[in-house]
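In: return a 3D structure for these sequence lines:
(one chain, ligands or ions: 3)
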Amino acid sequence: MVDHPLAKSRLTAMRDERTDNGAFRAALHELTTMLVYEAARSFATETFPVRTPVAVAEGTRLANPPLLVPVLRAGLGMADSALALLPESSMGFVGLARDEHTFQPRAYMESLPRDLAGIPVLVLDPMLATGGSLEHCVRLLVDRGATDITVLCVLAAPAGIERLANSGLPMRLVTAAIDQELNERMFIVPGLGDAGDRQFGGMPRF
Ligand SMILES: O=P(O)(O)OC[C@H]1O[C@H](OP(=O)(O)OP(=O)(O)O)[C@H](O)[C@@H]1O
Ligand SMILES: O=c1cc[nH]c(=O)[nH]1
Ligand SMILES: [Mg+2]
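Out: Ligands and ions are numbered 1, 2, ... in the order given. The predicted model follows:
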């Protein structure tokens, strides 16, 4: 868990029901920068000589930049910030919409490299509620050969964390907070509402 005063203040802005869509997106962008910074702490690096105006120094770069995978829609609000910190990365996309009645994820888009063997993957989705959506997404990645998967969330519910842990899928979770529970509509409590709607507005589901 990323436990930092600045991360907490951005999360507080996102929770506040008075925060409008623009300010919500701005807080999510900034919080994502912090989450990526923390998640990248364990990324493998390699060194190489770099010439300064004075002498040669030892430079450092990521040995294997990760594939970024925002889960549409809500994960889109994390994509730009993640790519700004990891400009060498490529991006794939997964589109999932949770059914309002069954709470099962419905996949409507998938744009991923065919072979992910040897490629670290950073999944971006602000919300881990029941865990159905992220389990579906990570399974897609594992089916393509990914073994090094980090999931970046803003808020996680205990039920979702447990579901991912019990799935047996290889992944590491980085989150800004773990909330109490889910309500009868499977929303995180106290949570922040619907992270997609709060960024992009409500829309009729097709
Ligand atoms: O853990 P779960 O119970 O599966 O719920 C979490 C999912 O719900 C939200 O997406 P949503 O389905 O609302 O789609 P949206 O991003 O288009 O709003 C969120 O971004 C996750 O993907
Ligand atoms: O609380 C929740 C649960 C699922 N998806 C959201 O956007 N928010
Ligand atoms: Mg939503």
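In: which residues in the protein form strands?
Out: 45-51, 56-62, 67-72, 90-91, 93-98, 105-111, 121-124, 127-128, 149-156, 172-178, 181-182, 188-189 (DSSP state E).
In: for ligand 3, find the nearest of these.
Out: strand 93-98 (6.8 Å; CB to the ion). Using the backbone N, CA and C atoms, a C-beta is placed for each residue, glycine as well.
In: turn the strands of the chain into CSV, including distance to ligand 1 and mean neighbour count.
Out: Compiled in CSV, the strands of the chain are given as follows (distance: least, CB to the nearest ligand atom, whole Å; neighbours: other CB atoms under 10 Å):
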stretch, distance to ligand 1, mean neighbour count
strand 45-51, 31, 10
strand 56-62, 27, 11
strand 67-72, 5, 24
strand 90-91, 17, 14
strand 93-98, 3, 20
strand 105-111, 5, 13
strand 121-124, 10, 26
strand 127-128, 4, 26
strand 149-156, 9, 25
strand 172-178, 12, 18
strand 181-182, 8, 15
strand 188-189, 8, 18
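In: rebuild those strands as a markdown table, extending it with mean pLDDT and distance to ligand 3.
Out: As requested, the strands of the chain are arranged in a markdown table below (pLDDT from 0 to 100; distance: least, CB to the ion, whole Å):
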| stretch | mean pLDDT | distance to ligand 3 |
| --- | --- | --- |
| strand 45-51 | 98 | 36 |
| strand 56-62 | 98 | 32 |
| strand 67-72 | 98 | 10 |
| strand 90-91 | 98 | 20 |
| strand 93-98 | 98 | 7 |
| strand 105-111 | 97 | 11 |
| strand 121-124 | 98 | 14 |
| strand 127-128 | 98 | 8 |
| strand 149-156 | 98 | 13 |
| strand 172-178 | 98 | 17 |
| strand 181-182 | 98 | 14 |
| strand 188-189 | 98 | 12 |
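In: and these as CSV, adding distance to residue 202?
Out: Shown next, in CSV, are the strands of the chain (distance: least, CB to CB, whole Å):
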stretch, distance to residue 202
strand 45-51, 43
strand 56-62, 38
strand 67-72, 16
strand 90-91, 26
strand 93-98, 13
strand 105-111, 17
strand 121-124, 22
strand 127-128, 16
strand 149-156, 19
strand 172-178, 24
strand 181-182, 20
strand 188-189, 18
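In: just tell me which of these ends up closest to residue 12.
Out: strand 172-178 (10.0 Å; CB to CB).
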